[in-house]
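Enquirer: Sharing a model prediction with you, sequence too.
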Amino acid sequence: MKRSLEHITYGKDTEALAKFAKALGHPTRIAILKHLENQSCCFTGDLVDVFPLAQSTISQHLKELKNAGLIQGELKPPKIKYCINQENWQTAKTMFKDFFER
C-alpha cells in the first residue's frame, strides 16, 4: 500500500527550514546571496552585470529568494533595490545550524 505524504503535518520550523532549503537549492541563488552579503543592496541590473544570465532569469531567482523571505525588495521606480532580509537570514542560518548539529 502506498502512503501519501499529503496527510502528514509538519511543525512551523520544519516547513520554514524546507522553504529556506528550496530557495537555496540552486547555485545561482546561493551566488546571489553571497553577492548581496558583500553589498548593502543592489538593483537587478547590477546582478545582470555580475552574472552571465538574462535579466529574466535573474528576476526569477530573485523572486524565489524573496518568496522564501531571504531577501527583500524596495521599489525605487523604475527599478527594485534588493538586499538581504537580515532577520530571516539570521533565522535561516540558526535553523540550518541546529538541523545539522542534531
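Expert: Nice, I can see it.
Enquirer: what pLDDT does Q60 get?
Expert: Listed pLDDT for Q60 reads 95.
Enquirer: State the distance from it to K97.
Expert: To K97, Q60 is 28 Å away according to C-beta to C-beta, to the nearest Å. The way it works is simple: take the backbone N, C-alpha and C, and place the C-beta from them, glycine included.
Enquirer: With P52 instead?
Expert: Between P52 and K97 the distance is 32 Å, computed by C-beta to C-beta.
Enquirer: Comparing those two, which shows the higher neighbour count?
Expert: Neighbours were tallied for P52 and for K97 using other C-beta atoms under 10 Å; the higher tally belongs to K97 (10 against 7).
Enquirer: and that one, helix, strand or coil?
Expert: helix (DSSP: H, G, I helix; E, B strand; the rest coil).
Enquirer: now G25
Expert: At G25, secondary structure determined by three-state DSSP is coil.
Enquirer: give the contact list for it.
Expert: Residues counted as contacts of G25 (C-beta atoms under 8 Å, 6 or more residues apart in numbering): none.
Enquirer: Need phi/psi at it.
Expert: G25 adopts backbone torsions of phi -80, psi 10, taken as degrees, to the nearest 10.
Enquirer: what helix or strand does the residue most central in space within the chain sit in?
Expert: What sits nearest the mean C-alpha location of the chain, by C-alpha atoms, centre = their mean, is L65, with 2.7 Å. Taking DSSP states H and E as the criterion, the element that holds L65 is helix 55-67.
Enquirer: Would you mark the buried spots in that helix?
Expert: 58, 61-62, 64-66 (16 or more other C-beta atoms under 10 Å).
Enquirer: so what does the helix or strand following that helix touch, helix or strand wise?
Expert: Using DSSP H and E, the helix or strand that follows helix 55-67 in sequence is strand 71-76. In terms of contacts (3 or more C-beta pairs under 8 Å, 6 or more residues apart in numbering; DSSP states H and E), strand 71-76 is packed against helix 27-37, helix 55-67, strand 79-84.
Enquirer: Quick one: closest of those to E15.
Expert: Comparing these by their distance to E15 (C-beta to C-beta), the top pick is helix 55-67, with 13.5 Å.
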